[in-house]
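Colleague: Sequence and predicted model, in that order:
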Amino acid sequence: MTDAAPAAVSRPVLATVASLRDQVAGWRRAGRSVALVPTMGALHDGHLSLVRLAAARCDRVVVSIFVNPTQFGPTEDFARYPRPFAADCAAVASAGGHAVYAPPVEEMYPAGMATTVTVGGVSEGLCGATRPGHFQGVATVVSKLLLQALPDIAVFGEKDYQQLQVIRRLVRDLDVPVEIVGGPTVREADGLALSSRNRYLAPDERAVAPRLHAELCGVAAALAEGTPAAAACTEAVAALHAAGFARVDYVEVRAADGLAPITGTPDGPARVLGAAVLGQTRLIDSVPV
Ligand SMILES: Nc1ncnc2c1ncn2[C@@H]1O[C@H](COP(=O)(O)OP(=O)(O)OP(=O)(O)O)[C@@H](O)[C@H]1O
Ligand SMILES: CC(C)(CO)[C@@H](O)C(=O)[O-]
Ligand code: BAL
């Protein structure tokens with residue numbers, strides 16, 4: 001028999017801080033560099049592009065899978081967030097990851113934990129305005145993940161552009177000895193950014209969803225023609241409402257580094273960011289200017 005399916009490639013699944021540290025220490029003793037790719041699981045090609053980017057930069061890649069309760073609001077989708085764990089472990093192996101770190105909630109947040117990390121400035125406005133407490137939850141868990149793994153690099157997606165800026169700020173402010181690497185957004189053929197939450201979309205919503213990306217690109221094109229940012233964003237918000245988005249949280253132009261608001265014409269690298277709700281599903285996206 002020569003056609004048998006290849007044996008499944010297994011990777012260590014680590015559930016405790018101690019086992020993660022042992023694994024990383026072993027790699028360090030062997031002279032290996034280490035990358036961390038933090039995720040909440042339900043992995044898709046966007047996540048896997050980050051794993052491949054990490055594997056191209058470092059000898060060993062650990063992917064964390066942790067649906068972090070502290071970054072979800074009380075009416076958000078923490079309970080129903082997808083958790084296809086076995087498929088995720090197989091995907092990590094197929095993309096070149098070397099270990100999965102999946103601590104239970106009690107390991108990440110032991111009883112008595114009383115410390116949170118708050119990043120000012122870049123956490124305010126945009127998703128920070130519509131999801132109060134969200135970035136404090138993200139900053140706290142990312143701080144913990146970085147201190148638990150002590151990687152050389154940690155890789156995050158530009159899809160969550162404000163989150164990437166929050167993490168860059170926190171690492172600079174707290175002198176965390178890690179390089180933060182951003183990976184480009186992976187999209188469907190029609191422009192929709194891959195997201196674990198896309199699976200919530202009904203077929204008619206899925207058909208409308210790419211309009212978010214299209215309108216952000218429209219703002220970028222209008223800026224290039226000299227339209228002031230505020231006017232271009234107002235037009236995009238109206239178009240999203242007309243297309244069937246139930247709520248548009250924001251469409252804004254911000255400085256690419258630091259996220260300072262821009263209402264006129266950008267005089268340096270900028271980003272158009274948007275978030276909008278389709279049915280029950282909140283989508284976010286952003287494009288460079
Ligand atoms: N389409 C994508 N392209 C590149 N990176 C992505 C993409 N989607 C998510 N990421 C990145 O993967 C990492 C983990 O994100 P997460 O697990 O929240 O996935 P998600 O698909 O964004 O899920 P959600 O729907 O909850 O926002 C983050 O750094 C995020 O920016
Ligand atoms: C960075 C992160 C893994 C922290 O929980 C999460 O916010 C995400 O998946 O983008
Ligand atoms: N991708 C960011 C995680 C969140 O929406 O909670």
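Modeller: Looks like it arrived, so ask away. Ligands and ions are numbered 1, 2, ... in the order given.
Colleague: From now on I want contacts and neighbour counts done on CA atoms only, so please keep to that.
Modeller: Fine.
Colleague: residues from this structure in reach of ligand 1?
Modeller: Neighbours of ligand 1 within the chain, by C-alpha under 6 Å from any ligand atom: 38-41, 46-47, 156-160, 183-187, 193-197.
Colleague: Narrow these to just the buried residues.
Modeller: 38-41, 46-47, 156-160, 183, 185-187, 193-196 (16 or more other C-alpha atoms under 10 Å).
Colleague: Among those residues, name the ones in strands.
Modeller: With DSSP state E as the criterion, strands contain P38, T39, F156, G157, G183 from among these.
Colleague: from the protein, which residue is nearest to ligand 2?
Modeller: Residue of the chain nearest ligand 2, by C-alpha to the nearest ligand atom: T39 (3.8 Å).
Colleague: Just list the residues touching the nearest residue to that residue once chain neighbours are set aside, thanks.
Modeller: Spatially, and ignoring its direct neighbours in sequence, T39 is nearest to I65 (5.1 Å; C-alpha to C-alpha, 6 or more residues apart in numbering). By C-alpha atoms under 8 Å, 6 or more residues apart in numbering, the contact set of I65 is P38, T39, M40, G41, V100, Y101, A102, P103.
Colleague: Look up which residues are beta-bridged to the first one.
Modeller: By that I understand P38. For P38, the beta-bridge partners under DSSP bridges are S64.
Colleague: was I right about it contacting V155?
Modeller: Yes. Between P38 and V155 there is a contact under C-alpha atoms under 8 Å: 7.3 Å.
Colleague: Pull out the buried residues from stretch 39-59.
Modeller: Under the neighbour-count rule (16+ other C-alpha under 10 Å), stretch 39-59 has 39-43, 45-55, 57-58 buried.
Colleague: Point out where the stretch 51-200 of the chain drops to low pLDDT.
Modeller: Within the stretch 51-200 of the chain, no stretch has pLDDT under 70.
Colleague: Please enumerate the strands of it.
Modeller: Using DSSP state E, counting those that start in this stretch, the strands of the stretch 51-200 of the chain run over residues 60-65, 99-101, 153-157, 179-183.
Colleague: Of those strands, flag the one that's most buried.
Modeller: strand 60-65 (a mean of 26; mean count of other C-alpha atoms under 10 Å).
Colleague: Return that strand as PDB; C-alpha atoms alone will do.
Modeller: Extracted in PDB, the C-alpha atoms of strand 60-65 (Å, rounded to 0.1, in the frame of the first residue of the first chain):
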ATOM      1  CA  ARG A  60      10.200  27.500  16.500                       C
ATOM      2  CA  VAL A  61       6.600  28.800  16.500                       C
ATOM      3  CA  VAL A  62       4.100  28.500  19.400                       C
ATOM      4  CA  VAL A  63       0.500  29.300  18.600                       C
ATOM      5  CA  SER A  64      -1.700  30.300  21.600                       C
ATOM      6  CA  ILE A  65      -5.400  29.400  21.400                       C
END
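Colleague: That one close to ligand 2?
Modeller: No. Using C-alpha under 6 Å from any ligand atom, strand 60-65 never reaches ligand 2; the gap is at least 7.3 Å.
Colleague: cool, and stretch 177-192?
Modeller: No. Shown here: stretch 177-192 not in contact with ligand 2 (C-alpha under 6 Å from any ligand atom), separated by at least 11.7 Å.
Colleague: tally of neighbours for the nearest residue to A224 once chain neighbours are set aside?
Modeller: Spatially, and ignoring its direct neighbours in sequence, A224 is nearest to V289 (8.0 Å; C-alpha to C-alpha, 6+ apart). Neighbourhood size, V289 [other C-alpha atoms under 10 Å]: 20.
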